[in-house]
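Peer 1: Kindly generate the corresponding structure for this input.
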Amino acid sequence: MMHLVSRRKHHGRGGFAPTVGAVFAVGAAISLSSVLLEPPWSYLVFYAGIVFDMAALVLLNRRLQVVPALTPHLVERVGLLTIIMLGESVISISAALADIAWNRWNIVAAVSGFVMVSAIWWIYYDSFPLLEQRKFKTGHSILYSHFFLFVGLAILASLIRHAILADLDPGDFRRLAAAGTVLFFLGKQYGYYMEVPELRPYLLSNTAAVFALTALVLVLPLGLEATLVGITATMICYVLLNLRYHHLVRGGQVRT
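Peer 2: Have a look, this model is predicted:
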C-alpha cells in the first residue's frame, strides 16, 4: 500500500513506486490463492507468487534504475539477515549436543562445526565494506545472489548437526556438502564479481581452489566427522587466500 499511495503523498513525484506496488500486489494475490488448494499444489502456487515478484522486477530492471538503490541500507539489511542465518547454525550445533552420549568423534564434529561457522563469518564479512562503497543501480546482484547463499548456509548448518549425530548416509552427506558449498560461494561471490570488477581475478582463483579442495575431500573414503573437518579446512584455506588482495583494499587501489 505504501508503494501504491506514494505518488499522491509525494505530489506526483512517486515515480516508479506504484508500478512496483502493483507487482507486489499481483504476486501477493497469487500466493494468497494457494489457501484454496491442497498440497502439493498449494506450495507450488505459493512460491509461484514469489517467483512472479522476482521475475517481474528483473524484467523491469531498466525502469528501476531511475531510482537507484540506497546502497548502505541494502547492504546492512542483507548483512543482518546473514547474521541471523549464522546464528541459526550455532543453534543447530547446540541442539545437536543436547542429550547425546559424548565421545571423541562427536566432540570433533562439534568443534569443527563451530570453527566452520566462524570461517564462514570471516569469508562473508571480510570484504563487506567494499559493497558499502559501491553505487548500485537496482541491487539485484546482491539481493538475488543471497537467495543461493542462504540456501547454501542452511544446508551447511544442517550438515553440522548430522555430523554430530552421525545419522545420515555418507553418500547423501557428501552430495549435500557439495551442494551447500557451491551454493554458498556462488551466492557470496556473484555480488562482488558484478559490483567490484577489480577483485574478479582473485574471486575466480580463490573459488576454484576451494572447489578443488572440497572435491578432493568429498572423494576420500572418510566418515561424516572427518568429512566435516575437511570441509572446515577448505573454508580456512579460503580465509587465507582472501588475504592476497587485502593490500589493494588497504592501499586504496580498489576504486569506489
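Peer 1: can we go C-alpha only for contacts and neighbour counts from here?
Peer 2: Fine.
Peer 1: I'd say residue 218 and residue 176 touch.
Peer 2: No: if you go by C-alpha atoms under 8 Å, residue 218 and residue 176 don't touch, sitting 10.4 Å apart.
Peer 1: Report the central residue of the chain.
Peer 2: By C-alpha atoms, centre = their mean, the chain has its centre lying nearest to residue 149, at 1.9 Å.
Peer 1: how much space is there between it and residue 86?
Peer 2: Note on residue 149: its distance to residue 86, by C-alpha to C-alpha, to the nearest Å, is 11 Å.
Peer 1: which helices and strands does the helix or strand hosting residue 73 pack with?
Peer 2: Using DSSP states H and E, residue 73 falls within helix 71-96. When contacts are defined as 3 or more C-alpha pairs under 8 Å, 6 or more residues apart in numbering; DSSP states H and E, helix 71-96 packs onto helix 104-125, helix 128-132, helix 140-165.
Peer 1: in the shortest one, what's buried?
Peer 2: Meaning helix 128-132. For helix 128-132, burial by neighbour count (16 or more other C-alpha atoms under 10 Å) applies to 130, 131, 132.
Peer 1: what's the average pLDDT for stretch 190-200?
Peer 2: Averaged across stretch 190-200, pLDDT comes to 87.
Peer 1: buried set for it?
Peer 2: Buried residues in stretch 190-200 (16+ other C-alpha under 10 Å): 190, 191, 192, 193, 195, 196, 198, 199, 200.
Peer 1: tell me which of those residues is nearest to residue 44?
Peer 2: Nearest to residue 44 out of those is residue 190 (C-alpha to C-alpha; 27.3 Å).
Peer 1: Not counting sequence-adjacent ones, nearest residue to that closest one?
Peer 2: residue 145 (6.4 Å; C-alpha to C-alpha, 6 or more residues apart in numbering).
Peer 1: neighbours of that neighbour, just the number please.
Peer 2: Around residue 145 there are 19 other residues, counting by other C-alpha atoms under 10 Å.
Peer 1: before we move on, what about the one 3 residues further on?
Peer 2: Burial measure for residue 148: 19 neighbouring residues, criterion other C-alpha under 10 Å.
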